[in-house]
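Next input, structure requested:
(2 chains)
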There are 2 protein chains.
Amino acid sequence: MKRVKLTVAYEGTNYCGWQVQPNGITIEEVLNRTLSELLGEKIQVIGASRTDAGVHSLGNVAVFDTGTRIPAEKICYALNQRLPEDIAVQSSCQVPEDFHPRRCYSEKTYEYRILNRKIPVPTLRRDTYFYYRELNLENMQKAAAFLVGEHDFRSFCSVKTSAEDTVRKILSCTVERSRDSIITIRVTGTGFLYNMVRIIAGTLISVGVGEFAPESLPEILQKKDRSAAGPTAPAHGLTMIGINYGGGN
Amino acid sequence: MKRVKLTVAYEGTNYCGWQVQPNGITIEEVLNRTLSELLGEKIQVIGASRTDAGVHSLGNVAVFDTGTRIPAEKICYALNQRLPEDIAVQSSCQVPEDFHPRRCYSEKTYEYRILNRKIPVPTLRRDTYFYYRELNLENMQKAAAFLVGEHDFRSFCSVKTSAEDTVRKILSCTVERSRDSIITIRVTGTGFLYNMVRIIAGTLISVGVGEFAPESLPEILQKKDRSAAGPTAPAHGLTMIGINYGGGN
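Numbering: from 1, shown residues only, chains lettered A, B, ... in the order given. Next up, the predicted model:
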């Protein structure tokens, strides 16, 4: 037996998120079924980021154990032949048997993309959130800086969470505007709570339109109350960019 | 009566191109129907670039004549409320009654985007052409430079054309690679033949993989024979970027 790590890109539009659930098709389910067919054994992947319905990925991570003799590096090519076109495994490699994508230390990066202009752009509608009110970039940047560091992020966590410890560490949180009117919020951290990046995005948008002052962020954190922060921004603006485990994994 | 100019963005994935045809839904048809409903009169648009099935647009142009009292500038907002989400009119304005989007002098810009990496990216699959063989950017740039100027582009024109005069003027043709492995071929010209940009893209790809030398471009032009150039690159990599009519129109 060996443990194989997959780096998985997908467009989340047509999926009910990552995690297997009874009411619709999920990324995890498609990977399990396709890997089981390919390798001729029952495969069950363990995912790193259990993204919500509609969230996209360039580099989510999953591992599984297999007795196959196919070299780990080749599995991605064989797998992509069988996967639907909205899922593509970017790489596959062998990892130590005790490597666990959620329990090992990692730095995860997400991007939330806002199309901030008066009129929508059809080709961008699936992976940017169209928001027509003008956003003050500088204020969003000031606000984002307050989120960096180790904080109790309870205010930035869905009340549906089962997490007891809501302290997380954000390594960076930047906000940039590109030529094509896209504002990208890029967040890297060692762990995230349920809906955390979408609530950060929703709160920074509230700052951008002047509903919150940038300086109110420390107070929002301190309240440890979901209702203190802004709304949860829509899922389709969010992309899981990648996960760095260090040490070559 | 007044003549109104629309700047039209769309994702071409679900359309049989611009021009009304019996076998499927087109952008022109949706605009005609939606405008007629909105304005309560029979509207027939005239389009500038009759894009093929699967080709996208950020700034195609169409005009129509109307007796409406709605100010021309407001029509785009009312129209977007009724259009499907894969079509969005970016602006609307009044133009002189003799303004014709195909007959007036214009400079049109198209981009052909190639995703040049080993493995596809699901979120980019509709508006980039995935091409896994490594492309030599410098050679593509050298070849592109030969296309600039006034030439007989018969070699770069579908044999299905009805055009007799195949001389066209290319104002610029650049090839650039971005961080995310996208090679963008950007072409501006005062007129284009049927499939011309897609054949330019296919030919530059052939140069990129070494099937043609960059220096063979003048010879390909000179042959005035479609079979001398490379293949027609797939439609979904092509986007109509915009049309500049000068003089404020």
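
touching chain B at all, the strand or helix carrying residue A:29?
Element membership of residue A:29 [criterion: DSSP states H and E] is helix A:27-39. No - if you take CB under 8 Å from any CB of the partner chain as the test, helix A:27-39 misses chain B, and the best it gets is 10.5 Å. For the C-beta atoms, the positions are set from N, CA and C on the backbone; glycine is no exception.

C-terminal to that helix, what's the next element?
Per DSSP H and E, the first helix or strand lying C-terminal to helix A:27-39 is strand A:46-47.

That following strand pairs with which strands?
strand A:56-66 (antiparallel) (DSSP bridges).

Please spell out which residues along the partner strand are buried.
Neighbour-count burial for strand A:56-66 flags A:56, A:57, A:58, A:59, A:60, A:61, A:62, A:63, A:64, A:66 (criterion: 16 or more other CB atoms under 10 Å in any protein chain shown).

picking that back up, report the buried residues of the helix holding residue A:29.
By neighbour count on 16+ other CB under 10 Å, the buried set for helix A:27-39 is A:27, A:28, A:29, A:30, A:31, A:32, A:34, A:35, A:38, A:39.

Other residues contacting stretch A:35-43?
The contact list for stretch A:35-43 (CB atoms under 8 Å, 6 or more residues apart in numbering or on different chains) reads A:31, A:32, A:45, A:64, A:66, A:67, A:68, A:70, A:75, A:78, A:79, A:82.

can we see that at 10 Å?
A:4, A:6, A:31-34, A:44-45, A:62, A:64-70, A:75, A:78-79, A:81-83, A:89 (CB atoms under 10 Å, 6 or more residues apart in numbering or on different chains).

Which two of the buried residues of helix A:27-39 have the greatest separation?
Within the buried residues of helix A:27-39, A:27 and A:39 form the most distant pair, 18.0 Å apart (CB to CB).

before we move on, the earlier item: tabulate the buried residues of strand A:56-66 (TSV), appending pLDDT and distance to residue A:152.
Formatted as TSV, these follow (pLDDT from 0 to 100; distance: CB to CB, whole Å):
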residue	pLDDT	distance to residue A:152
A:56	98	29
A:57	98	27
A:58	98	29
A:59	97	28
A:60	98	26
A:61	98	26
A:62	98	29
A:63	98	30
A:64	98	34
A:66	98	40
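
any idea which of those is the one closest to residue A:154?
Nearest to residue A:154 among those, counting by CB to CB, is residue A:60 at 25.2 Å.

partners of the closest one in the sheet?
Counting by DSSP bridges, residue A:60 is bridged to residue A:8.

ok, now which ones touch residue A:93?
Contacts for residue A:93 (CB under 10 Å, 6+ apart) come out as A:3, A:4, A:5, A:6, A:7, A:71, A:72, A:73, A:75, A:76, A:248, A:249.

can you list the residues of chain A near chain B?
Within chain A, the residues that sit near chain B (CB under 10 Å from any CB of the partner chain) are A:7-13, A:56-58, A:76-77, A:80, A:83-91, A:117-127, A:130, A:180, A:239.

Only the buried subset of the residues you listed, as a PyMOL command please.
Only the buried members of these enter the following PyMOL selection, criterion being 16+ other CB under 10 Å:
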select buried, chain A and resi 7+8+9+10+11+12+13+56+57+58+76+80+83+86+87+88+89+90+91+117+119+120+121+122+123+124+125+126+127+130+239
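
Inside helices: which ones of the residues of chain A next to chain B?
A:76, A:77, A:80 (DSSP state H).

residue ranges with poor pLDDT in chain A?
Filtered on pLDDT under 70, chain A yields the residue ranges A:247-249.

next one: phi and psi at the residue of it most remote from its centre?
Distance from the C-alpha centroid of chain A peaks at residue A:69, with 32.0 Å (CA atoms, centre = their mean). Main-chain torsions, residue A:69, degrees, to the nearest 10: phi -100, psi 0.

Can you give me every residue that contacts it?
A:2, A:39.

Now do it against residue A:35, distance only.
15 Å (CB to CB, to the nearest Å).

Next up, the contacts around residue A:102.
Residue A:102 neighbours (CB under 10 Å, 6+ apart): A:46, A:47, A:48, A:49, A:50, A:61, A:63, A:191.

re the thing from before, just the contacts of residue A:93: which are in strands?
If you go by DSSP state E, those have A:3, A:4, A:5, A:6, A:7 in strands.

Help me confirm that the last one comes into contact with residue B:119.
To tie it back to what came earlier, the one meant is residue A:7. Yes - contact criterion CB atoms under 10 Å: residue A:7 and residue B:119 qualify, at 9.5 Å.

Find residues that contact each of the two.
A:76, A:88, A:89, A:90, A:91.

in the sheet, who's paired with the last one?
Same thing as residue A:91. Going by DSSP bridges, residue A:91 forms beta bridges with residue A:7.

Can you give the domain ranges for chain A?
Residue ranges for the domains of chain A, per automatic domain parsing: A:2-95, A:107-244.

Rebuild these as a markdown table, extending it with distance to residue B:143.
Listed next are the domains of chain A as a markdown table, based on distance: least, CB to CB, whole Å:
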| stretch | distance to residue B:143 |
| --- | --- |
| domain A:2-95 | 30 |
| domain A:107-244 | 27 |
